[in-house]
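Starting from these lines, generate the structure:
(one chain, ligands or ions: 3)
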Amino acid sequence: MNQVSEFVNMGDFYERNEVAIAKIRGQLFGAPLAHIETYGCQMNEHDSEKLRAMLTDMGYGTAEGFEDADFILFNTCCVRENAELRVFGNLGRVKHLKKSRPDIMVAICGCMMQQPHIVEELKKNYPYVDLIFGTHNLHDFPVLLERTMSEQKQVVEVLKDGSEIVEGLPAIRERSAKGYVNINYGCNNFCTYCIVPYTRGRERSRTPDSVVAEVAALAAGGTKEVMLLGQNVNSYGKELGVSFADLIERIDKETGIQRIRFMTSHPKDISERLIDVMAASKHICRQLHLPVQSGSDRVLRLMNRGYSIAKYKAAVEYARKVIPDIAISTDIIVGFPGETQQDFEDTLALVREIDYDSAYTYIYSRRTGTPAAEFSNQVPEDVKSERLRQLVDEINAGVKLKMQKMLGSVQEVLVEAVSKRSESLFMGRTSGGITCTVPVNECSIGDIVKIKITKARHFSLHGEVIDKIIEGDMV
Ligand code: SAH
Ligand code: SF4
Ligand code: F3S
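Residues are numbered from 1 along each chain as shown. Ligands and ions are numbered 1, 2, ... in the order given. Here you go, the predicted model:
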């Protein structure tokens, strides 16, 4: 909350927000509670952490869920249709709640709001939504909320694009041991299936100094691990004349942070230098998320991905040569328009060959406004579902074997939180990103511990602490 950073190109936004926050504080009675419902990627999760900090400044406490909330905020995602359907489903629930408690305020923001047809739909059929704003004016949330309260009518403000980077927004991070840090925003790649370039605008990078300062401040405050966020971290700094490898090297050397992760890396921009910097560092985690999307060069061209399978394999090979214990994960889409049985089998073959440590798999979802939505040869739903089933089986079989192989090994784990499995277990992650549980009486949240793996589950591990590397001093 007290984070001090520079403000870039933001004129009097800070002052406007302060005035709005003070006005809202003056209007709130009792101890109102706010609930944020977040959908989508880490970028959105981190945006919600910033929105939570603004709500706290305004005087709102945290609600347990919809039912006890006085203010409900939806931070939405539209990368696939099911994310949108979930938002509309929950808006229906809120309509119900508002019947018995008309004083509840409802706001909606995030990627879905950057699509004009969605905003039209909300204006027409969801009059009980009090405030609608987008991804490019998140920092103006207090001003917009104050306006909604004083005008007593639906306020809609969505900007088409954002070129500014707003520095200095506070964030209340969910877990004290870990923190998200944005490094670049937006995307210029225009993969033909993807809505993100339309919802998040053009690529723009924070300056290395602001990123380094934020990470150093987090480390000084007790954070042990940062996750550097960007739609394509490897294209960081192009407009500033610096590379992602330069940035991460500085973070490694200058901030005092114990662990560094990043996502997402785009295979077309991955450099050997980045892998070399990772290999030379004690703090950069041994994990590379490298979404391949398809194992067929033909489909990759149709997707506008900008690399071939040969180039992808060479990148993985180099990474494994230089960092033998590196965990490689990926994203794959099945049923892209025109994907043939042969293309799909090429994907299966690639998955077998690469032997991923984990993979996110998706059925292609048609997104209004993207080029692929207009392609004529859409794959039938039943074919897509069958391909997904086969792919998931293939991946799971490989992952299970990898987990078994880790039995008896020694891993370094950052203890993050109490495990959802049991109160007597903490959960944390290995350097490669695998979820691990450990007994609560052996360590504390925030510790980085060496553990010996004693149990392998399907997708996670369990171990016993054999050595503490850093004492936990938080929570
Ligand atoms: N910037 C990241 C990913 C952002 S979206 C990257 O390029 O890797 C996360 C994942 O969602 C993508 O990697 C892709 O696998 C999936 N995805 C994006 N659009 C999709 C769509 N229309 N249908 C199905 N999956 C999609
Ligand atoms: Fe979407 Fe492609 Fe950009 Fe990733 S790189 S956000 S998949 S357009
Ligand atoms: Fe979704 Fe927006 Fe992230 S569309 S995946 S929340 S950038």
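
Where does the stretch 301-450 of the chain get nearest to ligand 3, which residue?
Closest residue of the stretch 301-450 of the chain to ligand 3, CB to the nearest ligand atom: residue 367 (9.1 Å). Every C-beta, even on glycine, is put in place using the N, C-alpha and C of the backbone.

Surely that residue forms part of a strand?
No - with DSSP: H, G, I helix; E, B strand; the rest coil as the criterion, residue 367 is assigned coil and is not in a strand.

which residues touch the residue nearest to it when sequence neighbours are not counted?
Of all residues not flanking residue 367 in the chain, residue 195 sits nearest, at 4.3 Å (CB to CB, 6 or more residues apart in numbering). Shown in contact with residue 195 (CB atoms under 8 Å, 6 or more residues apart in numbering): 78-79, 111, 115, 367, 369-370.

Repeat the analysis, applying 10 Å as the threshold.
By CB atoms under 10 Å, 6 or more residues apart in numbering, the contact list for residue 195 reads 77-80, 111-112, 114-115, 365, 367-370, 373.

Would you mind confirming that the residue of the stretch 301-450 of the chain closest to ligand 3 makes contact with residue 115?
Yes - in this structure, residue 367 is within contact of residue 115 by CB atoms under 10 Å, at 8.8 Å.

okay, and the common contacts of the two?
78, 84, 195, 198-199.

any idea of the pLDDT on the residue nearest to residue 367?
pLDDT recorded at residue 195 is 97.

going forward, begin numbering at 29 instead of 1
Done: numbering now begins at 29, and the last item shifts to residue 223.

Relative to ligand 2, how far out is it?
Distance of residue 223 to ligand 2, given as CB to the nearest ligand atom, to the nearest Å: 8 Å.

residues in contact with the residue of the chain found nearest ligand 3?
Closest to ligand 3 within the chain is residue 68: 2.7 Å, counting by CB to the nearest ligand atom. Contact analysis of residue 68 by CB under 10 Å, 6+ apart lists 75-76, 103-108, 111, 138-140, 224, 227.

Next, check these against the helices and list the overlap.
In this view, those that belong to helices under DSSP state H are 75-76, 111, 224, 227.

Let me know the closest of those residues to residue 237.
Closest to residue 237 out of the ones in helices among the contacts of residue 68 is residue 75 (22.5 Å), distances taken as CB to CB.

show me what contacts the closest one?
Counting by CB under 10 Å, 6+ apart, the residues that residue 75 touches are 64, 66, 68-69, 103, 137-139, 163, 166, 197, 199, 208, 210.

again, only using 8 Å
Here residue 75 is in contact with 103, 138, 163, 166 (CB under 8 Å, 6+ apart).

Ok, residue 282 next?
By CB under 8 Å, 6+ apart, residue 282 lies in contact with 240, 244.

rewinding a little: can you redo the contacts of residue 223 as TSV with neighbour count and pLDDT?
As requested, the contacts of residue 223 are exported to TSV (neighbours: other CB atoms under 10 Å; pLDDT from 0 to 100):
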residue	neighbour count	pLDDT
105	22	97
106	25	97
107	21	97
108	18	97
139	27	97
140	28	97
142	25	96
143	21	96
393	20	98
395	22	97
396	14	95
397	14	95
398	19	97
401	15	97
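
and the longest helix along the chain, which residues are buried?
Counting by DSSP H, the longest helix found in the chain is helix 409-433. Buried residues in helix 409-433, counted by 16 or more other CB atoms under 10 Å: 412, 415-416, 419, 422-423, 426-427, 430-431.

Run through the neighbouring helices and strands of it.
Secondary-structure packing of helix 409-433 (3 or more CB pairs under 8 Å, 6 or more residues apart in numbering; DSSP states H and E): strand 355-362, helix 369-382, strand 386-391.

Give me the contacts around the last one.
Contacts to strand 386-391, defined as CB under 8 Å, 6+ apart, come from residues 108, 355, 357-363, 379, 412-413, 416, 419-420, 423, 427, 461-462, 487.

Kindly report the same for stretch 405-421.
Taking CB under 8 Å, 6+ apart as the rule, stretch 405-421 contacts 360, 362-367, 372, 375-376, 379, 389-392, 394.

Residue numbers of the chain in contact with ligand 2?
Neighbours of ligand 2 within the chain, by CB under 6 Å from any ligand atom: 215, 217-219, 222, 224-225, 259-260, 294.

Whichever strand or helix holds residue 254 pairs with which strands?
Assigned by DSSP states H and E, residue 254 falls within strand 253-257. Next to strand 253-257 in the sheet, as set by DSSP bridges, lie strand 206-210 (parallel), strand 287-291 (parallel).

Dump the ones you listed into CSV; add distance to residue 278, mean pLDDT and mean neighbour count as well.
What follows is the strands paired with strand 253-257, written out as CSV (distance: least, CB to CB, whole Å; pLDDT from 0 to 100; neighbours: other CB atoms under 10 Å):
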stretch, distance to residue 278, mean pLDDT, mean neighbour count
strand 206-210, 13, 96, 22
strand 287-291, 11, 97, 21
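
Tabulate these in CSV, adding columns for distance to ligand 3.
Formatted as CSV, the strands paired with strand 253-257 follow (distance: least, CB to the nearest ligand atom, whole Å):
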stretch, distance to ligand 3
strand 206-210, 12
strand 287-291, 11
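
would you turn the ones you listed into a markdown table with distance to residue 118?
What follows is those, written out as a markdown table (distance: least, CB to CB, whole Å):
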| stretch | distance to residue 118 |
| --- | --- |
| strand 206-210 | 24 |
| strand 287-291 | 27 |
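
how about the ones you listed, which one is nearest ligand 1?
For the strands paired with strand 253-257, proximity to ligand 1 was assessed by CB to the nearest ligand atom; strand 287-291 is nearest, at 7.9 Å.

Who are the packing partners of the longest strand belonging to the chain?
What stands out as the longest strand in the chain, according to DSSP state E, is strand 488-498. Secondary-structure packing of strand 488-498 (3+ CB pairs under 8 Å, 6+ apart): strand 438-446, strand 463-467, strand 476-484.

picking that back up, what about ligand 3: which of the shared contacts of residue 395 and residue 143 touch it?
Applying CB under 6 Å from any ligand atom to these, those adjacent to ligand 3 are 106, 223, 227.

Could you count how many residues lie near the last one?
When neighbours are counted by other CB atoms under 10 Å, residue 227 registers 25.

so it touches residue 104, yeah?
No - with contact defined as CB atoms under 8 Å, residue 227 does not count as touching residue 104 (9.5 Å).

What residues does the spatially closest residue to residue 175 that is not a sequence neighbour make contact with?
Spatial nearest neighbour of residue 175, excluding adjacent residues (CB to CB, 6+ apart): residue 183 at 5.4 Å. By CB under 8 Å, 6+ apart, residue 183 lies in contact with 158-160, 172, 175-176.

one more time with 10 Å
For residue 183, the contact set (CB under 10 Å, 6+ apart) comprises 135, 157-161, 172-177.

again with residue 381
Residues near residue 381 by CB under 10 Å, 6+ apart: 323, 337, 341, 344.

tell me which of these is nearest to residue 284?
For these, the nearest to residue 284 is residue 344 (31.4 Å; CB to CB).

Test my guess that that closest one contacts residue 384.
Yes - the pair residue 344 / residue 384 is scored as a contact, 9.4 Å apart, by CB under 10 Å.

what is in contact with these two at once?
318, 320, 356, 358.

Run a quick neighbour tally on the nearest residue to residue 424 once chain neighbours are set aside.
Using CB to CB, 6+ apart and skipping the chain neighbours, the partner closest in space to residue 424 is residue 486 (7.2 Å). Other residues near residue 486 number 8, with proximity taken as other CB under 10 Å.
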